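**Q** Give me the fold of what follows.
(one chain, ligands or ions: 1)
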Amino acid sequence: MVLDDLLHKSDLSKEELAFLLQLQSKADLEKLITRADEVRKQYCGDEVHLRGIIEFSNNCEQECLYCGLRKGNYALIRYRMNEEEILRAAKDIIALGIKTIVLQSGEDFYYSGSYFARVIRGIKNIADVAVTLSVGEREFTDYKLWRQAGADRYLLKHETANPKLYSIYHQRQKLLDRIKHLRFLKSIGFQIGSGNIIGLPHQTLEDIADDILLCKELNVDMASFSPFIPSENTPYSSKEQCSVELAVKTLAVTRIVLRDSHIPATTALATIHPHGRELALQAGANIIMPNFTPQPYKGNYLIYANKNRADDDDAGYLERIKKVITSAGRKIGETPGHSLKMKNVQLTIKQ
Ligand code: 5AD
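**A** Numbers count the residues shown, from 1 in each chain. Reported below is the predicted structural model:
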């Protein structure tokens with residue numbers, strides 16, 4: 001099939017996705033990216049939504065082979081922010097005009113379900129902003145509690161849709177559980193985010209195609225596909241980094257398949273390329289998630305090497321990100337930027 005037809009076909013198969021992911025020539029890549037940008041414009045418009053992240057704890061019970069936060073990394077200086085510190089950080093983000101607060105951490109069971117429920121209510125009391133949780137797999141009763149406290153979204157990447165690879169990377173966790181959790185979160189009214197890490201050891205283009213198809217099957221409200229960056233003091237510290245080209249191709253193909261899901265220009269892509277955010281915005285992305293973790297903690301959330309490179313900590317940080325958006329001919333979102341899939345869906349909390 002000719003490329004132009006493929007780029008306009010609906011319900012692309014796994015083989016067709018893998019074919020798109022292996023495109024090499026400049027002309028083909030240009031076609032792919034142009035089509036992704038067209039789909040983004042048609043389904044998502046020109047707004048780029050900002051999500052302010054607070055990485056409030058880098059403690060983690062898991063041992064993911066690729067991640068610098070893994071429990072076995074004794075070289076990492078660990079920290080935990082308390083309720084007061086998290087709320088202060090949220091207030092600072094809200095004062096900047098950002099309408100989504102993302103609370104992210106390792107899997108840290110120091111924080112109970114009711115602790116987070118208090119934090120969520122605390123943020124919702126400051127202003128009418130969206131709250132996203134990204135704290136790993138927890139009890140279903142906790143998810144319900146947090147939804148009732150007013151949390152809007154849950155980010156839980158599936159990391160890989162290949163069950164064998166999933167078991168290799170995560171050892172203790174199971175892919176089926178992860179999918180069960182995502183489906184449950186969706187069923188109780190969370191907007192869900194999932195996605196993979198691109199270019200992990202042993203991963204093939206067919207695996208990436210399956211990652212995109214799983215996001216489609218789960219009808220994710222956001223899909224985050226970030227390039228693998230080796231992290232010091234992990235079993236994968238000397239594995240090869242994902243290429244910028246594969247990361248951008250994956251974004252473009254994801255946009256073409258998922259259409260109206262939000263897709264972030266990830267910090268990881270901005271870490272491996274000085275213009276990573278620009279490249280992502282051109283290839284289908286419509287979200288940027290600036291990091292507002294306060295000092296002295298910022299800098300210790302080292303999921304991968306050089307993470308701070310894209311996460312500077314000066315007064316001009318947000319302005320530079322806004323400039324990236326406007327220079328790309330796009331608009332800065334002024335609303336919480338809820339899921340585009342929700343337009344006709346009633347948000348109800350099932351008990
Ligand atoms: N490279 C890229 N992304 C990574 N993550 C963890 N480790 C790495 C790495 N080495 C991503 C995972 C995880 C999120 C917090 O960071 O997708 O879900």
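
**Q** got the contact list for H273?
**A** Applying Cβ atoms under 8 Å, 6 or more residues apart in numbering, we find H273 in contact with 244, 279. All C-beta atoms are positioned from the backbone trio N, CA, C, and that covers glycine.

**Q** what about it, distance to the ligand?
**A** Using Cβ to the nearest ligand atom, to the nearest Å, we find H273 at a distance of 14 Å from the ligand.

**Q** Same check on E83?
**A** 22 Å.

**Q** which residues does I101 bridge with?
**A** G52, V131 (DSSP bridges).

**Q** Verify the stated contact: it with I86.
**A** No. Using Cβ atoms under 8 Å, I101 is not in contact with I86; the gap is 9.2 Å.

**Q** of the two, who's got more company?
**A** I101 (29 against 25; other Cβ atoms under 10 Å).

**Q** Overlap in contacts, I101 and I86.
**A** By Cβ under 8 Å, 6+ apart, I101 and I86 have these common neighbours: I54.

**Q** can you give me the helices in the stretch 51-200 of the chain?
**A** Taking DSSP state H, counting those that start in this stretch as the criterion, the stretch 51-200 of the chain carries its helices at 83-95, 113-126, 140-148, 163-170, 175-187.

**Q** okay, those in CSV with mean pLDDT next?
**A** Shown next, in CSV, are the helices of the stretch 51-200 of the chain (pLDDT from 0 to 100):
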stretch, mean pLDDT
helix 83-95, 98
helix 113-126, 98
helix 140-148, 98
helix 163-170, 98
helix 175-187, 98
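
**Q** how about those helices, which one is nearest N233?
**A** Each of the helices of the stretch 51-200 of the chain has some distance to N233 by Cβ to Cβ; the shortest is helix 163-170, at 16.2 Å.

**Q** Helix 175-187 and that closest one, what's the angle between them?
**A** 90 degrees (axes from the mean of the first three to the mean of the last three Cα atoms, to 10 degrees).

**Q** What is helix 163-170 packed up against?
**A** Applying 3 or more Cβ pairs under 8 Å, 6 or more residues apart in numbering; DSSP states H and E, one finds that helix 163-170 makes contact with helix 175-187.

**Q** Report all helices and strands that the helix it packs on contacts.
**A** Applying 3+ Cβ pairs under 8 Å, 6+ apart, one finds that helix 175-187 contacts helix 140-148, helix 163-170, strand 191-194.

**Q** Show me which residues of the longest one are buried.
**A** Neighbour counts using 16 or more other Cβ atoms under 10 Å place 142-147 of helix 140-148 among the buried residues.

**Q** And the second one, by the same measure?
**A** Buried residues in helix 163-170, counted by 16+ other Cβ under 10 Å: 165-166, 169-170.

**Q** Looking at these, which is nearest Y317?
**A** Checking those one by one against Y317 (Cβ to Cβ), the nearest turns out to be Y169, at 31.7 Å.

**Q** Okay, the closest one and L76: tell me how far apart.
**A** 19 Å (Cβ to Cβ, to the nearest Å).

**Q** likewise I54?
**A** 18 Å.

**Q** same question, E38
**A** 43 Å.

**Q** So those two - more neighbours on which side?
**A** Using other Cβ under 10 Å as the criterion, E38 and L76 rank with L76 on top: 21 against 15.

**Q** so who does that one touch?
**A** Taking Cβ under 8 Å, 6+ apart as the criterion, L76 is in contact with 58, 68-69, 233, 300, 302.

**Q** Turn the buried ones among those residues into a named PyMOL selection, would you?
**A** Selection of buried members from the contacts of L76 for PyMOL, criterion 16+ other Cβ under 10 Å:
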select buried, resi 58+68+69+300+302
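
**Q** Same list, the contacts of L76, but as JSON lines with distance to I208 please.
**A** Formatted as JSON lines, these follow (distance: Cβ to Cβ, whole Å):
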{"residue": "N58", "distance to I208": "28"}
{"residue": "G68", "distance to I208": "22"}
{"residue": "L69", "distance to I208": "23"}
{"residue": "N233", "distance to I208": "27"}
{"residue": "N300", "distance to I208": "30"}
{"residue": "L302", "distance to I208": "25"}
